[in-house]
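Enquirer: Pasted the sequence and its predicted model underneath.
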Amino acid sequence: MIQRIQTVFLFLVFCLMAVPVVIPFSSSMIILIILGTAALLSIINIFLYKKRSFQKKVCYLILLLAVLIYIIYFLLESRTFSFSEIVYTFIFPFIAIIFIFLAIRGIKKDEKLIRSLDRLR
């Protein structure tokens, strides 16, 4: 489990999504709930390594939640906060999106490797 690179990426996503929950950058409870849900899903997703197709679907759900954070922020919160106040934690979901894409790529490589090994049998 730990030898797979997507495990590292998913753990980094967990860390990046959990930090803004501990150090909130928004007064909106909706954003904090979405961040917490994404962090929880990413840590659970690490243990789904035997179900690669389901793991990939959960990654897409986490990706959707990360994008939803920005949509909600710009719709609800952009009027009350200035960008300079929250820049250091506002970037965390964006970095998490990059790591989610890298995790999905790693899962696809695993699927391709398993399919090639199945052909050899």
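Expert: That came in fine, so what should we check first?

Enquirer: Pull up the gap between Leu63 and Met29, please.
Expert: 22 Å (Cβ to Cβ, to the nearest Å). Where C-beta positions appear, they are placed from N, C-alpha and C, glycine not excepted.

Enquirer: Same check on Met17?
Expert: 16 Å.

Enquirer: After the helix or strand of the chain with the lowest mean pLDDT, which helix or strand is next?
Expert: Every helix and strand of the chain was ranked by mean pLDDT, DSSP states H and E. The lowest is helix 83-90, at a mean of 59. Once helix 83-90 ends, the next helix or strand along the chain (criterion: DSSP states H and E) is helix 92-120.

Enquirer: circling back to that earlier point, Leu63 and Met29 - which one has more neighbours?
Expert: A count of neighbours by other Cβ atoms under 10 Å puts Leu63 above the other of Leu63 and Met29, at 18 against 9.
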